[in-house]
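> what's the 3D shape of this:
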Amino acid sequence: MHDRIFAGCNLLICAALAALAWGYQAPFAYEPVGPRAYPLLLLALLMLGALCQLLKPARQNRENAEPPLDRHVIGKIALCIGVMLVYAGLFELFGFILSSALFAAVMAYLYGATRLQSGLGGVLIAVGLYLLFDYGLDVPLPLGMLTKLGS
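Sure thing, here's the model as predicted:
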């Protein structure tokens, strides 16, 4: 039940942020799709995930029931928030690829992936998103420490 409450809150927050991002206008155009493409795409993906979580069928058996909201689950939530804050703090210094790969790998490991799966998945997600935005949508993302490789 608490995962559906979280999904509903997440959906409302994403909708509000999308409404704010939709009206965003930069004083100058530095990319063909404009400055709102990245936040709107991320918010659309978050909203899709929240909808899936909100509308998923209820579990029938007790062994697959959702875990109680105990100290372990609250600790995991706090750790997720901390990892997101670190991601935001490292974004400009490390750049999109390194910070996103690290973020995705830590989150995957936190939720049960092996070290190999976490690392490989994190790198593939970060590089794939970078290629999508930089080459597919022509939206420049910071390279940070990898700037010398991009030249």
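
> Now do the domain split for the chain, please.
Under automatic domain parsing, the residue ranges defining each domain of the chain are 1-59, 69-151.

> Return the set of buried residues in stretch 4-16.
Judged by neighbour count using 16 or more other C-beta atoms under 10 Å, the buried positions of stretch 4-16 are 7, 10-11, 14. In short, each C-beta sits where N, CA and C put it, glycine included.

> which of those residues lies closest to Leu54?
Ala7 (4.1 Å; C-beta to C-beta).

> Tell me who's in contact with the closest one.
With contacts taken as C-beta atoms under 8 Å, 6 or more residues apart in numbering, Ala7 has the following neighbours: 50-51, 53-54.

> Repeat the analysis, applying 6 Å as the threshold.
Contacts of Ala7 were listed using C-beta atoms under 6 Å, 6 or more residues apart in numbering, and they are 50, 53-54.

> For the residues you listed, give me CSV that also has distance to Lys76, secondary structure and pLDDT.
Compiled in CSV, these are given as follows (distance: C-beta to C-beta, whole Å; DSSP: H, G, I helix; E, B strand; the rest coil; pLDDT from 0 to 100):
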residue, distance to Lys76, secondary structure, pLDDT
Ala50, 18, helix, 85
Gln53, 16, helix, 83
Leu54, 20, helix, 82
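
> Among these, name the buried ones.
Applying 16+ other C-beta under 10 Å to those, the neighbour count classes Ala50 as buried.

> Among the contacts of Ala7, which one lies nearest to Gln117?
Distances from Gln117 to the contacts of Ala7, taken by C-beta to C-beta, are shortest for Gln53, at 21.6 Å.

> what ranges do the strands span in the chain?
Assignment of strands within the chain using DSSP state E yields no ranges at all.

> In it, which helix is the longest?
helix 71-110 (DSSP state H).

> Tell me the gap between that one and the middle of its chain.
With C-alpha atoms, centre = their mean, to the nearest Å as the basis, the distance from the averaged C-alpha position of helix 71-110 to the chain average is 9 Å.
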